[in-house]
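>>> When you get a sec, could you give me coordinates for this:
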Amino acid sequence: MNLRIWGVFGVASAIAMTASVPGFAQSERAQLELSGHTWHAAACPRGNPNGTARCFARVVTDARGNPLNGKPVGNPNATPSGYGATELRTVYAVPAGSGTPTIAIVDAFAYPTAEADLAVYRAQYGLPACTTASGCLKIVGQTGGKPPSRVDVGWDQEQALDLDMASAACPNCKIVLVQASSASFSNLWTGVDYAKTITGIRAISNSYGNTDSASYAAYDSHYAGNQIAITVSTGDYGYGAQWPATAPGAIAVGGTSLTHSGAGYAETAWNGAGSGCGLGHAKPSWQNGVTDACGGRMEADISSVADPNTGVAVYGPMSRSTRGWMIFGGTSASAPFIGGLFALANGSINGAQSIYTHTSSLTDVTSGSNGSSCPVAYYCKAQQGYDGPTGLGTPKGIGAFSN
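So this is what the prediction gives:
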């Protein structure tokens with residue numbers, strides 16, 4: 001991985017500050033954070049308790065909040081910074097797979113350059129072309145009709161991240177990009193409901209959410225699918241449950257920090273990954289005996305790389321007028337990657353049950369935390385076996401993705 005170290009500027013410790021972040025349409029000012037030596041900001045800084053979601057993508061920036069160019073200007077042959085598709089498949093022992101299963105990605109707003117940007121990513125890593133003309137890529141609105149017209153740069157960055165990570169996990173998958181008219185939960189779950197009706201659909205990825213509430217339990221059924229894997233990000237704000245990851249039928253995807261270790265790789269819990277005991281959501285049967293301290297739905301179930309400090313390479317919009325290579329983190333990176341693996345496995349799917357019954361196909365993450373205090377240690381601290389930030393671990397092949 002060629003992840004450069006930027007933005008220290010004499011700052012010796014991780015801090016949070018508020019800075020103007022050009023290109024982020026949802027907010028004039030977004031929180032800028034420093035993790036290790038890497039500045040990063042939320043692509044979608046807004047979200048409120050009143051039925052609106054925020055996406056969970058975090059873009060690596062300079063110290064002023066400008067998205068960094070992940071490929072040196074004037075050097076088109078350089079390898080983009082961040083983990084690329086080839087390395088991610090090596091890290092998680094992803095096989096080639098067969099057939100052409102379908103994965104849907106649900107996001108908000110229009111992304112006019114989605115097809116062109118995806119083509120750049122896939123060409124960089126030798127993945128087969130996926131175009132609308134060939135039928136591999138389809139872009140629709142939340143009920144399957146015309147996509148929306150409103151553009152939001154932050155959500156477009158989210159869509160670029162989702163498309164690239166799903167492609168990395170399942171290069172032969174057909175992709176349906178479902179664009180909700182806004183970031184309201186009602187529009188987003190309308191998109192999920194439509195995606196369930198797509199012929200051949202195996203997985204639906206959702207990289208958004210907001211602080212959990214018992215009131216959301218009335219809408220949990222939107223995130224349950226019969227023989228469809230519905231992956232949901234657990235959030236980027238450390239310990240604290242997020243919905244719809246707490247929906248019992250969802251597959252809650254947490255995040256790790258991924259580093260080189262000798263000739264291989266090592267993972268720890270990312271301190272930004274969401275986790276917690278859901279409020280008012282029934283405990284799925286497969287969590288019985290595993291998460292007994294939580295009387296309801298506990299998140300996460302599984303995880304993969306999400307730390308911006310050890311982020312992934314993405315090609316997409318840097319602002320309203322520029323496109324380029326960037327580095328991203330957030331559990332928005334892990335949810336579409338895990339969704340792609342479910343699609344790649346192309347087997348019998350019953351929510352997250354297969355994850356809990358095939359732990360030998362996972363790598364247990366046993367160190368790191370996403371909070372300094374929580375009611376029960378495993379809610380926020382990685383340990384042997386199940387823990388909140390990383391679930392039961394990270395993929396080791398695709399054996400955990402079908403019953």
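
>>> Which positions in stretch 256-269 come out as buried?
Using 16 or more other C-beta atoms under 10 Å as the test for burial, stretch 256-269 gives 256-258, 265, 267-269. Bear in mind the C-beta positions are built from the backbone N, C-alpha and C, glycine included.

>>> Would you format these as CSV with secondary structure included?
As requested, the buried residues of stretch 256-269 are exported to CSV (DSSP: H, G, I helix; E, B strand; the rest coil):
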residue, secondary structure
T256, strand
S257, strand
L258, strand
Y265, strand
E267, strand
T268, strand
A269, strand
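
>>> where do the strands sit along the stretch 201-350 of the chain?
201-206, 208-211, 229-233, 242-243, 251-261, 264-269, 276-277, 298-299, 302-305, 312-317, 323-329 (DSSP state E, counting those that start in this stretch).

>>> pLDDT of the first one, averaged?
I take that to be strand 201-206. For strand 201-206, mean pLDDT is 98.

>>> Restrict it to CA atoms and write it as PDB.
C-alpha atoms of strand 201-206 as PDB (Å, rounded to 0.1, in the frame of the first residue of the first chain):
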ATOM      1  CA  ILE A 201     -30.200  -9.600  -6.500                       C
ATOM      2  CA  ARG A 202     -27.900 -11.100  -3.900                       C
ATOM      3  CA  ALA A 203     -26.800  -8.200  -1.800                       C
ATOM      4  CA  ILE A 204     -27.900  -4.600  -1.000                       C
ATOM      5  CA  SER A 205     -25.300  -2.200   0.400                       C
ATOM      6  CA  ASN A 206     -26.200   0.700   2.700                       C
END
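
>>> Please identify the pairing partners of it and their relative orientation?
Strand 201-206 pairs in its sheet with strand 102-108 (parallel), strand 229-233 (parallel), by DSSP bridges.

>>> The longest one: which residues count as buried?
By neighbour count, and taking 16+ other C-beta under 10 Å as the criterion, the buried residues in strand 102-108 are 102-108.

>>> follow-up on the earlier one: right, and the strands paired with strand 201-206 - which one's nearest G296?
Go through the strands paired with strand 201-206 one by one with C-beta to C-beta and the one that ends up closest to G296 is strand 229-233, at 15.8 Å.

>>> phi, psi of the residue nearest to G330 when sequence neighbours are not counted?
Excluding its sequence neighbours, the residue lying closest to G330 (C-beta to C-beta, 6 or more residues apart in numbering) is R58, at 4.0 Å. Dihedral angles of R58 (phi, psi; degrees, to the nearest 10) stand at phi -130, psi 120.

>>> need the contact list for R58.
Contact partners of R58, counting by C-beta atoms under 8 Å, 6 or more residues apart in numbering, are 40-43, 236, 272, 308, 311, 328-330, 332.

>>> Show me which of the residues you listed is closest to K174.
The shortest gap between K174 and any of the contacts of R58 belongs to S332, at 21.1 Å (C-beta to C-beta).

>>> would you list the strands of the stretch 201-350 of the chain in CSV and tack on distance to D193?
Shown next, in CSV, are the strands of the stretch 201-350 of the chain (distance: least, C-beta to C-beta, whole Å):
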stretch, distance to D193
strand 201-206, 10
strand 208-211, 15
strand 229-233, 11
strand 242-243, 17
strand 251-261, 17
strand 264-269, 33
strand 276-277, 26
strand 298-299, 22
strand 302-305, 24
strand 312-317, 27
strand 323-329, 28
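
>>> S372: which of those strands is closest?
Nearest of the strands of the stretch 201-350 of the chain (C-beta to C-beta): strand 264-269, 13.0 Å.

>>> Now name the helix or strand holding Y378.
For Y378, the host element (DSSP states H and E) is helix 377-380.

>>> Relative to I228, which of the buried residues of strand 102-108 is nearest.
Lowest distance from I228 to the buried residues of strand 102-108 (C-beta to C-beta) belongs to A104, with 8.9 Å.

>>> Contacts only, for the nearest residue to that closest one once chain neighbours are set aside.
Excluding the flanking residues, the one nearest A104 by C-beta to C-beta, 6+ apart is A195, at 3.7 Å. Listed by C-beta under 8 Å, 6+ apart, the contact set of A195 reads 104, 106, 176, 178, 201, 204.

>>> which one of those sits closest to G82?
Of all the contacts of A195, G82 sits closest to V106, with 24.0 Å by C-beta to C-beta.

>>> now that closest one, which residues is it bridged with?
V178, N206.

>>> ok, which stretches of the stretch 251-400 of the chain are helices?
With helices called from DSSP state H, counting those that start in this stretch, the stretch 251-400 of the chain shows them at 331-345, 353-357, 377-380.

>>> Pull the distance from the shortest one to the chain's centre.
It refers to helix 377-380. The chain centre lies 21 Å from the centre of helix 377-380; the measure is C-alpha atoms, centre = their mean, to the nearest Å.

>>> Mind listing what's buried along it?
Within helix 377-380, the residues that count as buried by 16+ other C-beta under 10 Å are 378-380.

>>> show me the residues around the most centrally placed residue in the chain that make contact.
With distances taken as C-alpha atoms, centre = their mean, S332 lies nearest the centre of the chain, 2.2 Å away. With contacts defined as C-beta under 8 Å, 6+ apart, S332 is in contact with 43, 55-58, 158, 161-162, 207-208, 233, 236, 306.

>>> Now render the residues you listed as a markdown table, adding distance to A352.
Converted to a markdown table, the contacts of S332 look like this (distance: C-beta to C-beta, whole Å):
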| residue | distance to A352 |
| --- | --- |
| A43 | 26 |
| C55 | 22 |
| F56 | 18 |
| A57 | 23 |
| R58 | 24 |
| E158 | 23 |
| L161 | 22 |
| D162 | 20 |
| S207 | 17 |
| Y208 | 18 |
| S233 | 14 |
| D236 | 20 |
| A306 | 18 |
